[in-house]
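S.K.: Got a sequence here, can you build the structure:
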Amino acid sequence: MRPITRRNALILGGVGAVGVGVGGTGLWMTQDASSPVPSQTGVGKEFTEPPELRSRNGALSVALEAAAGQVTVAGNTVTALSYNGGLPGPTLRVRAGDTLRVSLHNGLADPSNLHVHGLHVSPENNSDNVFVTVPAGDSFDYRYELPLNHPPGVYWYHPHQHGFVTDQVFGGLYGAIIVEDPTAIAVSRERLLVISDITVGSGGTIPAATAMEKMSGREGELVLVNGQLAPVMASRPGERERWRIVNACVSRYLRLRLDGQRLTLLGMDSGRFSSPRTVDEILMAPGNRADLLVMGAAGTSLLRTRHYDRGSSAGMMGRGPERPAGDITLATLTVAGESAAAAAAVPRQALPRDLRAATVTARRELVFAMGTGGMGGGMMSPTINGRTFDPSRVDETVQFGSVEEWLLTNTSTLDHPMHLHVWPMQIVEEGGRVVDTAIWQDVVNIPARGTTRVRIAFDDFSGRTVYHCHILDHEDAGMMGIIQAQ
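M.R.: Below is the predicted model:
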């Protein structure tokens, strides 16, 4: 990997200062104060997707500009944050073994950087290095070398500047990455669905999050698909579509259903099942991705997210914000017309690696809790093993090339989805019950007052990176630690 030599990037012992509320980032909607606020009800416009950039001859070079400006959100002109003026940003499509180069220009008023969420690449130098800070107005050149055996699937990119992450992602800075299959799966069409949420106030502004919203993790009033409200899609009976879904919400869990259609799940996050699994519902924590096949059956179906009880901050120095318990319609799929020819069988996927029989060299426990102090005003503070994030402290040191088993314990009344950079996790136990198949994810949910046990192979890359709660308000408040593989 070439050294960092270009443009004014700062590689610090830490990762930035505390950010401001969303209302301070200069996001607003262009409308009269008397105009109605967009609502989640009703049928939207035809489904659209962000532009796609594909690698050629083993390489993809991309220029990304993070900036505030006018974008279309739910059919309205909004001044929000975006990559290259779109919400989401462009989709990056690559293959295992490719080199991905991203030249990031920070046109924001605050520092930022870039994290390629889920990619199994180096955490050092100008690769997936979250300790890089790109000051306002400056640029930085990233270079990611994907291994030849990199798992196919859907990934995503977003800022990871500590203290500013939630505001920047909630404001619109996110986009998808697709790592293609070594053997193509025959489908009638592919669709990318980047699901996010946002709040627009009655005066056209995006209000700042309250302290209680930050404690629970903010959830936007509008839930968007590729920046749209309830878009419509059309298909024919018998057509097989491939839907790649990203949960880009900063705190919201998605409990997805598409009743009336046959759904088969290829995998979650970087994990891939050896054969597709028939499902009725998919639960996605913030940061999770799903790779889904949809077989069209005549009729109209609603893609909905059902209520998921992720716990409550009530009793933690006050009452938490109320979250609606009803279903939310995300999109409408109409299947009609002449039946399509039967699709070819799905190629058998490579068997996932299974660490259940591996030699475990170390065991450790991470305790996620809502401790005292740290958020101001006597509020509770998210901690891991009783500590908030310190950019000068390495919390866990692991042996490069080893396999470890981690018990993830949650003592709080809220779920915490834990994300580990660079190295995916195999789930071996949930709530005390052994998992009997190889399930790999890079975001693993830890239920309120519950436990999850995982195994991790610290292969391919050494270096320093982070693990954290992917309720991004919790991450910014300090529920993050540093891990060093050496």
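S.K.: check contacts around residue 181.
M.R.: 152, 347 (C-beta atoms under 8 Å, 6 or more residues apart in numbering). C-betas here are computed from N, CA, C, even on glycine.
S.K.: Am I right that it is in a strand?
M.R.: No: counting by DSSP: H, G, I helix; E, B strand; the rest coil, residue 181 is not found in a strand; it is coil.
S.K.: Residue 79 versus that one, what's the distance?
M.R.: From residue 181 across to residue 79, the span is 39 Å (C-beta to C-beta, to the nearest Å).
S.K.: again, but for residue 198
M.R.: 12 Å.
S.K.: Then residue 438?
M.R.: The gap separating residue 438 from residue 79 is 46 Å, by C-beta to C-beta.
S.K.: go on, residue 285?
M.R.: 30 Å.
S.K.: of those two, who's got more company?
M.R.: residue 285 (27 against 20; other C-beta atoms under 10 Å).
S.K.: Quick check on the more buried one: phi, psi?
M.R.: Phi and psi for residue 285, reported as degrees, to the nearest 10, are phi -70, psi 160.
S.K.: Show the backbone phi and psi for the residue nearest to the spatial centre of the chain.
M.R.: For the chain, the residue nearest the mean C-alpha position is residue 287 (2.4 Å; C-alpha atoms, centre = their mean). Main-chain torsions, residue 287, degrees, to the nearest 10: phi 100, psi -20.
S.K.: Can you give me the pLDDT of it?
M.R.: Residue 287 carries a pLDDT value of 98.
S.K.: Check whether it really touches residue 416, as I assumed.
M.R.: No: assessed by C-beta atoms under 8 Å, residue 287 is found out of contact with residue 416, at 11.7 Å.
S.K.: Who are the contact partners of the nearest residue to residue 232 once chain neighbours are set aside?
M.R.: Excluding the flanking residues, the one nearest residue 232 by C-beta to C-beta, 6 or more residues apart in numbering is residue 332, at 4.8 Å. The contact partners of residue 332, taken as C-beta under 8 Å, 6+ apart, are 43, 230, 231, 232, 233, 300, 301, 302, 303.
S.K.: Next: residue 347.
M.R.: Applying C-beta under 8 Å, 6+ apart to residue 347 gives the contacts 181, 183, 184, 185.
S.K.: now do residue 304
M.R.: 256, 257, 258, 259, 327, 328, 329, 330.
S.K.: let's go with 10 Å and repeat that
M.R.: With contacts defined as C-beta atoms under 10 Å, 6 or more residues apart in numbering, residue 304 is in contact with 254-259, 281, 326-331.
S.K.: And for residue 49?
M.R.: Here residue 49 is in contact with 88, 91, 176, 190, 191, 192, 193, 194, 225, 226, 228, 231 (C-beta under 10 Å, 6+ apart).
S.K.: Just the buried residues of those residues.
M.R.: 88, 91, 176, 191, 192, 193, 194, 225, 226, 228, 231 (16 or more other C-beta atoms under 10 Å).
S.K.: Apart from its chain neighbours, what residue comes closest to the last one?
M.R.: When you say that, I think you mean residue 231. Of all residues not flanking residue 231 in the chain, residue 47 sits nearest, at 3.9 Å (C-beta to C-beta, 6+ apart).
S.K.: And the third one, by the same measure?
M.R.: Taking C-beta to C-beta, 6+ apart, and ignoring the residues beside it in sequence, residue 176 has residue 91 as its nearest neighbour in space, at 4.7 Å.
S.K.: which residues does that neighbour form a beta bridge with?
M.R.: Counting by DSSP bridges, residue 91 is bridged to residue 52.
S.K.: which strand is the longest one in the protein?
M.R.: Ranked by residue count under DSSP state E, the longest strand found in the chain is strand 59-73.
S.K.: Give the helix, strand or coil label for residue 167.
M.R.: At residue 167 the chain is in helix, as set by three-state DSSP.
S.K.: and it, how far is that from residue 423?
M.R.: Taking C-beta to C-beta, one finds residue 167 at 28 Å from residue 423.
S.K.: higher neighbour count, the two?
M.R.: Taking neighbours as other C-beta under 10 Å, residue 167 and residue 423 compare with residue 167 leading, 30 against 21.
S.K.: For that one, give me the pLDDT.
M.R.: The model's pLDDT for residue 167 equals 94.
S.K.: Need the phi and psi values for residue 476.
M.R.: Torsion angles, degrees, to the nearest 10, at residue 476: phi -60, psi -30.
S.K.: now residue 441, nearest residue through space, not along the chain?
M.R.: residue 269 (4.2 Å).
S.K.: show me the contacts for the one you found.
M.R.: Counting by C-beta under 10 Å, 6+ apart, residue 269 has contacts 117-118, 151, 153-155, 284-285, 287-291, 419, 424-425, 439-444.
S.K.: Distance of it relative to residue 70?
M.R.: 33 Å.
S.K.: Next, format the contacts of residue 49 as a markdown table and append pLDDT, distance to residue 430 and secondary structure.
M.R.: Conversion of the contacts of residue 49 to a markdown table gives the following (pLDDT from 0 to 100; distance: C-beta to C-beta, whole Å; DSSP: H, G, I helix; E, B strand; the rest coil):
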| residue | pLDDT | distance to residue 430 | secondary structure |
| --- | --- | --- | --- |
| 88 | 97 | 31 | coil |
| 91 | 98 | 32 | strand |
| 176 | 98 | 27 | strand |
| 190 | 97 | 31 | strand |
| 191 | 98 | 30 | strand |
| 192 | 98 | 29 | strand |
| 193 | 98 | 26 | strand |
| 194 | 98 | 27 | strand |
| 225 | 97 | 29 | strand |
| 226 | 96 | 32 | coil |
| 228 | 94 | 34 | strand |
| 231 | 96 | 34 | coil |
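S.K.: returning to what we had before: can you tell me which helices and strands the longest strand of the chain packs against?
M.R.: strand 28-29, strand 52-54, strand 76-83, strand 91-94, strand 99-107, strand 139-145, strand 175-179 (3 or more C-beta pairs under 10 Å, 6 or more residues apart in numbering; DSSP states H and E).
S.K.: Could you tell me the angle between the third one and strand 175-179?
M.R.: With axes from the mean of the first three to the mean of the last three C-alpha atoms, to 10 degrees as the basis, strand 76-83 and strand 175-179 are set at 50 degrees to each other.
S.K.: Could you point out which residue ranges in the stretch 151-300 of the chain have low pLDDT?
M.R.: For the stretch 151-300 of the chain, the stretches with pLDDT under 70 are 201-205.
S.K.: And the helices in it, which stretches?
M.R.: 165-170, 211-216 (DSSP state H, counting those that start in this stretch).
S.K.: So which of those is nearest residue 276?
M.R.: Ranking those by proximity to residue 276 (C-beta to C-beta) places helix 165-170 first, at 30.3 Å.
S.K.: And the closest one, what does it pack against?
M.R.: strand 76-83, strand 153-158, strand 189-198, helix 472-476.
S.K.: what's the spacing between it and its chain's center?
M.R.: Distance of helix 165-170 from the chain centroid (C-alpha atoms, centre = their mean, to the nearest Å) equals 12 Å.
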